[in-house]
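**Q** Pasting a predicted model and its sequence here:
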Amino acid sequence: EVQLVESGGGLVKPGSSLKLSCVASGFTFSSYGMHWIRQAPKKGLEWIALIYYDSSNKYYADSVKGRFTISRDNSKNTLYLEMNSLRSEDTAMYYCANLGYWGQGVMVTVSS
Amino acid sequence: DIVLTQAPLSVSVTPGESASISCRSSKSLLSSKGITSLYWYLQKPGKSPQLLIYRMSNLASGVPDRFSGSGSETDFTLKISKVETEDVGVYYCAQFLEYPYTFGAGTKLELK
């Protein structure tokens, strides 16, 4: 059974940093590109980042480029999202996904 | 960015009847490899999105064959035949052809 389990969310102040993790199981993690997708409260889905299976390429949405960094550790079956200079508009549920499967999400709230 | 326009934004269906959701792309989603990178997801209330259809017309694993996807290079349709109570939620189309990947605004399906 495929499982993606996110962690690391919470309530932080504007300008702060946070690092999300996503542990994968039930599939060959090292063979798949992985994504972070977010959903602001009561809003739609927004793709924010992709990392290739071997970390050779990374792509970002303009809304997070230069502030967020996606990375992975295939030896640990783990995907990361390092988030810096957080803003109130970054408040959302953050999902990791390989497009076929999504995690349950982790909430990030940015508020003073 | 590629814009996906879904219609309607809300639909109310009697159980047992059919429903169709449209997704129109601002650009062709046909790749040079002959693959149409249009996906459909369902987000049930309080849950993370689940994949229904990939590459325009392919049914994802475990998805009932009441769901079907069709379309051209820019106009796509998700059809649900014989709607059941478990089909309630928000349906999103998504394109994974060009960065940034984008989602439609979502179509909320309710039961009459």
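**A** Structure received. Keep in mind that what you see is a predicted model, and the values were worked out from it rather than measured.
**Q** rest of the way, CA atoms for contacts and neighbours
**A** OK.
**Q** secondary structure class for A:S30?
**A** Of the three states, A:S30 takes helix according to DSSP: H, G, I helix; E, B strand; the rest coil.
**Q** which residues of the chain fall in helices?
**A** Because you didn't say which chain, this covers chain A. In chain A, no helices are found when defined by DSSP state H.
**Q** Correction: the question concerned chain B.
**A** With helices called from DSSP H, chain B shows none.
**Q** residues in it within reach of chain A, list them.
**A** Residues of chain B lying close to chain A (Cα under 8 Å from any Cα of the partner chain) are B:47-51, B:99-106.
**Q** neighbour-wise, which of those residues leads?
**A** B:G106 (27 neighbours; other Cα atoms under 10 Å in any protein chain shown).
**Q** Next to chain B, which bits of chain A? Give me the list.
**A** Proximity of chain A to chain B, by Cα under 8 Å from any Cα, involves residues A:44-48, A:59-61, A:95, A:99-105.
**Q** from the residues you listed, which has minimum pLDDT?
**A** Among the residues of chain A next to chain B, A:L99 has the lowest pLDDT, at 90.
**Q** thinking again about what came up before, max pairwise distance over the residues of chain B next to chain A: which two?
**A** Greatest spacing in these, by Cα to Cα: B:K47 and B:Y99 (25.9 Å).
**Q** give the contact list for the residue sitting nearest the centre point of chain B.
**A** The residue lying closest to the centre of chain B (Cα atoms, centre = their mean) is B:W40, at 3.3 Å. B:W40 makes contact with B:L51, B:L52, B:I53, B:Y54, B:M56, B:L78, B:Y91, B:Y92, B:C93, B:A94, according to Cα atoms under 8 Å, 6 or more residues apart in numbering or on different chains.
**Q** Next: A:G44.
**A** B:F103, B:G104, B:A105, B:G106.
**Q** Hmm, A:E46 and the first one touching each other?
**A** Looking back up the chat, that one is B:F103. Yes - here B:F103 reaches A:E46: they are 6.8 Å apart, a contact under Cα atoms under 8 Å.
**Q** Next, name the residue at the spatial heart of chain A.
**A** Closest-to-mean residue, chain A, Cα atoms, centre = their mean: A:W36 / 3.7 Å.
**Q** any idea how far that residue is from B:W40?
**A** Between A:W36 and B:W40 the distance is 17 Å, computed by Cα to Cα, to the nearest Å.
**Q** For the closest residue to the residue nearest to the centre of chain B other than its chain neighbours, give its distance to A:L99.
**A** Computed as Cα to Cα, 6 or more residues apart in numbering or on different chains, the closest residue to B:W40 that is not its neighbour in sequence is B:C93, at 4.5 Å. Distance check for B:C93 against A:L99: by Cα to Cα, it reads 12 Å.
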